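**Student:** Could you work out the structure for the sequence below:
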Amino acid sequence: MSASTDKMTVGFIGLGIMGQSMAGHILAAGHDLCVYNRTRAKADDLVAKGAVWKDSPGEVAAACDVVITIVGYPKDVEEVYLAPGGIVERARDGAILIDMTTSSPELAQRIAAAAADRGLTALDAPVSGGDVGAKAGKLAIMVGGDAASYEKAMPLFDAMGGKIVHMGPAGAGQHTKMANQIAIASTMLAVSESLSYAKAAGLDQSAVLDAIGTGAASSFLLNGLGPKMVAGDYAPGFFVHHFVKDMSIALAEAERMKLDLPGLTLARGLYQRLVDGGFGEEGTQALYRVYTQMTGA
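**Tutor:** Okay, the predicted model is just below:
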């Protein structure tokens, strides 16, 4: 499906749990890579493999044909793209800008408009799959924006992802990711409640997961994160505080569309308890902590 296999000069900004692996796949695919991260040490492994360090997002943009970002929050996205000396201001003529952060659809539209004013194109391309998908190069990538630029960027998406879909104009990728996060939010409630019920009934929770994990209840969250809940393994594949951010964006969009989402509202409230309790840096499976606290299990 790739439109081209030509070598590109790619900038990658944001080398966290997922960005580190994603950038590594681009480098391994043979593209020239420039990198920036607020904590420089996180770039050391990539630099050792041939990536070039740049001192700011603007310097990355000035040196690259394509710029990819995956940072924390919408405010971070806005800063790296739209601040004076940032990506949009300093990008090369004709560059493609790809934000893979889960962020606001409205902000994606503003970045695309600002890019167009400079003769650039911007894609919003959030991902799903967590650290496991990032390491395997099998992320789901949901893309909004210019169709021709999407085709040009396909070799890069192919390096990082398994399922890659162009969803529509600017902002459509972010709206699709909101739908994804909404589905995850209520499923995490269901898995936590299922395991809480199994424990209260005196069942072996691992045996329950084995029994129901191939039936109608089967899902990545049940089979992948359920065992971690049982084991008390809350190491992050995706941070709780980032999930709360995503749910807050989704609820704001739902309110704008006059849509009532009670399941999502409940999930955000329970996850906010984790943040308030100091567990925001744990993985999303830490929701089970809330249920053990409520049941005293």
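
**Student:** what about the strands in this structure?
**Tutor:** Using DSSP state E, the strands of the chain run over 9-13, 32-36, 52-53, 66-69, 96-99, 121-124, 127-128, 139-144, 161-168.

**Student:** quick one: low-confidence parts of this protein?
**Tutor:** Applying pLDDT under 70 to the chain flags the ranges 1-5, 295-297.

**Student:** Closest to the centroid, which residue in it?
**Tutor:** V127 (4.6 Å; Cα atoms, centre = their mean).

**Student:** since we're on the closest residue to that one other than its chain neighbours, how many residues are nearby?
**Tutor:** The shortest distance from V127 to any residue other than its chain neighbours is 4.3 Å, reached at L139 (Cβ to Cβ, 6 or more residues apart in numbering). Every residue, glycine included, has its C-beta placed from N, CA and C. Residues near L139, counting by other Cβ atoms under 10 Å, number 27.

**Student:** tell me the domain boundaries of the chain?
**Tutor:** Listed by automatic domain parsing, the domain ranges of the chain are 9-169, 176-295.

**Student:** Highest mean neighbour count out of those domains?
**Tutor:** Scoring those by mean neighbour count under mean count of other Cβ atoms under 10 Å gives domain 9-169 as the most buried, with a mean of 20.

**Student:** Show the end-to-end separation of it, please.
**Tutor:** 25 Å (Cα to Cα, to the nearest Å).

**Student:** same thing with stretch 279-289?
**Tutor:** End-to-end distance (Cα to Cα), stretch 279-289: 9 Å.

**Student:** Endpoints of stretch 158-176, how far apart?
**Tutor:** 19 Å.

**Student:** Next, find the distance separating D246 from G94.
**Tutor:** D246 sits 32 Å away from G94, taking Cβ to Cβ, to the nearest Å as the criterion.

**Student:** Against P57, how distant is V244?
**Tutor:** Counting by Cβ to Cβ - V244 and P57 are separated by 25 Å.

**Student:** Actually, R118.
**Tutor:** Applying Cβ to Cβ to R118 and P57 gives a distance of 15 Å.

**Student:** do D276 as well
**Tutor:** 32 Å.

**Student:** ditto for E89
**Tutor:** For E89, the distance to P57 - Cβ to Cβ - is 10 Å.

**Student:** what residues are up against M18?
**Tutor:** By Cβ atoms under 8 Å, 6 or more residues apart in numbering, the contact list for M18 reads I70, V127, G130, D131, A134, L139.

**Student:** run the last query once more with 10 Å
**Tutor:** With contact set as Cβ atoms under 10 Å, 6 or more residues apart in numbering, M18 has these partners: 70, 100, 127, 129-135, 139, 160, 237-238.

**Student:** Tell me the one of the residues you listed nearest I17?
**Tutor:** D131 (4.9 Å; Cβ to Cβ).

**Student:** Nearest residue to that closest one in space, ignoring adjacent ones along the chain?
**Tutor:** Looking at D131 with Cβ to Cβ, 6+ apart, the closest residue is G237, at 4.4 Å.

**Student:** do V244 as well
**Tutor:** Y271 (5.1 Å).

**Student:** Test my guess that the one you found contacts G283.
**Tutor:** No. Between Y271 and G283 there is no contact under Cβ atoms under 10 Å: 11.5 Å.

**Student:** tell me, what's touching those two both at once?
**Tutor:** Joint contacts of Y271 and G283 (Cβ under 10 Å, 6+ apart) are V240, F243.

**Student:** Just the CA trace of stretch 246-262, in PDB.
**Tutor:** The C-alpha trace of stretch 246-262 is given here as PDB (Å, rounded to 0.1, in the frame of the first residue of the first chain):
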ATOM      1  CA  ASP A 246      -8.100  11.400  26.900                       C
ATOM      2  CA  MET A 247     -11.400  10.800  28.600                       C
ATOM      3  CA  SER A 248     -11.600  14.500  29.500                       C
ATOM      4  CA  ILE A 249     -11.100  15.500  25.800                       C
ATOM      5  CA  ALA A 250     -13.800  12.900  24.800                       C
ATOM      6  CA  LEU A 251     -16.300  14.200  27.400                       C
ATOM      7  CA  ALA A 252     -15.700  17.800  26.300                       C
ATOM      8  CA  GLU A 253     -16.400  16.800  22.700                       C
ATOM      9  CA  ALA A 254     -19.400  14.800  23.700                       C
ATOM     10  CA  GLU A 255     -20.800  17.900  25.600                       C
ATOM     11  CA  ARG A 256     -20.200  20.000  22.500                       C
ATOM     12  CA  MET A 257     -22.200  17.500  20.400                       C
ATOM     13  CA  LYS A 258     -24.900  17.300  23.100                       C
ATOM     14  CA  LEU A 259     -24.200  13.700  23.700                       C
ATOM     15  CA  ASP A 260     -24.600  12.000  27.100                       C
ATOM     16  CA  LEU A 261     -22.000   9.300  27.900                       C
ATOM     17  CA  PRO A 262     -22.700   8.000  31.400                       C
END
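
**Student:** Understood, closing this out.
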